[in-house]
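**Student:** For reference, the sequence and a predicted model appear below.
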Amino acid sequence: MAGTEFNLSTFFSREFEEHAAVLQRTRDGLKQDFRDLVGACATAIRQGHKILFFGNGGSAADAQNFATELCVRYKQDRQAISALALTTDSSVLTATGNDFGFEHIFARQIEALGRQGDVAIGISTSGRSANVILALKKAREMKLVTAALSGRDAGDLPPLVDHCLVVPSNSTARIQEMHILLGQMLCGALEIELGLVADSHE
């Protein structure tokens with residue numbers, strides 16, 4: 001904007017400081033919630049179930065990343081872990097959006113692919129994404145284990161899920177940064193918890 005002086009150095013430092021503050025609050029506040037989610041996912045995989053990830057925009061990218069890390073590998077080669085992102089099938093997404101409405105794109109796939117004992121993990125920075133909410137409602141109705149990654153006040157998600165990891169921030173960028181960290185930590189912890197890789201830090 002004309003006449004406005006942008007101090008890039010100040011911006012750079014401020015972003016890192018805000019990130020560090022949210023990182024510390026997340027570390028301090030979510031340890032037990034994270035442990036509980038890892039335990040639920042490990043139990044599901046041991047019993048032959050799968051993990052279903054879903055979200056919109058950047059959260060869709062996160063869902064695909066986490067499912068890929070589990071199906072393929074995270075840090076080293078090992079047995080595949082059953083996980084699926086509900087954000088990747090363009091035909092299903094567009095057909096559902098066209099025939100039933102965009103808010104049903106994940107719930108329809110939960111209905112088709114979900115089974116009792118699976119874990120459904122919805123990702124929404126606001127907790128108010130209609131399609132994530134409907135999917136978690138469907139998952140709960142079908143007796144899946146339900147979980148969410150969110151931020152702010154978690155919106156409408158807490159009553160719908162068994163496990164809710166809420167990043168203590170109102171910034172979408174900072175929330176998404178913590179989501180990718182928590183999701184990759186989930187992948188790493190599951191590999192170790194399931195006995196597929198050794199804990200390299202021990």
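**Tutor:** Alright, I've got the coordinates.

**Student:** Apart from its neighbours in sequence, what residue is nearest the residue most central in space within the chain?
**Tutor:** Nearest to the mean C-alpha position of the chain, counting by Cα atoms, centre = their mean, stands Ile123 at 4.4 Å. Using Cβ to Cβ, 6 or more residues apart in numbering and skipping the chain neighbours, the partner closest in space to Ile123 is Gly55 (3.3 Å). From N, CA and C alone the C-beta is placed, and that goes for glycine too.

**Student:** My guess is the one you found contacts Ser129. True?
**Tutor:** Yes - if you go by Cβ atoms under 8 Å, Gly55 and Ser129 touch, sitting 7.3 Å apart.

**Student:** The two: which has the busier surroundings?
**Tutor:** Set Gly55 next to Ser129 and count neighbours by other Cβ atoms under 10 Å: Gly55 wins out with 30 against 24.

**Student:** any idea of the pLDDT on that one?
**Tutor:** Listed pLDDT for Gly55 reads 98.

**Student:** Tell me how far it lies from Ala63.
**Tutor:** According to Cβ to Cβ, to the nearest Å, Gly55 and Ala63 sit 5 Å apart.

**Student:** so what sits against both of the two?
**Tutor:** Common contact partners of Gly55 and Ala63 (Cβ atoms under 8 Å, 6 or more residues apart in numbering): 87, 123.

**Student:** average pLDDT across the biggest strand by length in the chain?
**Tutor:** In the chain, taking DSSP state E as the definition, the longest strand is strand 145-151. Strand 145-151 carries an average pLDDT of 98.

**Student:** Return the list of helices and strands in contact with that strand.
**Tutor:** helix 31-46, strand 119-123, helix 130-141, strand 163-167, helix 172-193 (3 or more Cβ pairs under 8 Å, 6 or more residues apart in numbering; DSSP states H and E).

**Student:** Can you mark which positions in the longest one are buried?
**Tutor:** By neighbour count, with 16 or more other Cβ atoms under 10 Å as the criterion, the buried positions of helix 172-193 are 174-180, 182-184, 186-193.
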